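**Q** curious how this folds, go ahead:
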Amino acid sequence: MNIIISNSSDSPIYEQITSQIKTLVMSGQLKESDPLPSMRTLAKELRISVITTKRAYEELERDGFITTIVGKGSFVRAADTRLVREEKLKQIEDLLSRAVAIAQQSAIQREELEEIIDLIYQEG
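**A** Here you go, the predicted model:
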């Protein structure tokens, strides 16, 4: 598993880990029952605290992306389509919020922004 930590990011390290693992699960690169590295192994690979990896794994478990079995490790859970959809909608909302902020700063009207979205949607 290739997780990249950026020290220049505004996001805390545990959020960077959870975000990247969620992306791997949602894209199908990590599949149901795939094992994740142990918290200690991941911490060692990333050169971070075990507490940070523990927090990331706890958040992933709480959000329904992984399950942890004591003595066996952490594994990818079966994808809940509603959960995946909610996560994708959250990502889209974040991106669109940034786009709207840039448009407002640039005096670009809503209609123009909607046209751009329509064009991009048609291309995709």
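**Q** please count neighbours and contacts with C-alpha atoms only from this point.
**A** Fine.
**Q** where does the protein have low pLDDT?
**A** For the chain, residues meeting the criterion pLDDT under 70 lie at 81.
**Q** can you list the domains in it?
**A** Using automatic domain parsing, the domain parsing of the chain gives 13-76, 81-123.
**Q** okay, now the sheet partners of the helix or strand residue 67 falls within, with direction.
**A** Using DSSP states H and E, residue 67 sits in strand 66-69. Taking DSSP bridges as the criterion, strand 66-69 sits next to strand 73-76 (antiparallel) in its sheet.
**Q** buried residues in the next helix or strand after the strand it pairs with, which are they?
**A** Using DSSP H and E, the next helix or strand after strand 73-76 towards the C-terminus is helix 81-105. Along helix 81-105, these residues count as buried under the neighbour rule (16 or more other CA atoms under 10 Å): 84, 87.
**Q** list the helices and strands helix 81-105 packs on?
**A** helix 110-123 (3 or more CA pairs under 8 Å, 6 or more residues apart in numbering; DSSP states H and E).
**Q** ok and the helix it packs on relative to helix 81-105, angle-wise?
**A** Between helix 110-123 and helix 81-105, the angle comes out at 140 degrees (axes from the mean of the first three to the mean of the last three CA atoms, to 10 degrees).
**Q** pull the distance from helix 110-123 to the chain's centre.
**A** In terms of CA atoms, centre = their mean, to the nearest Å, the gap separating the centre of helix 110-123 from the centre of its chain is 25 Å.
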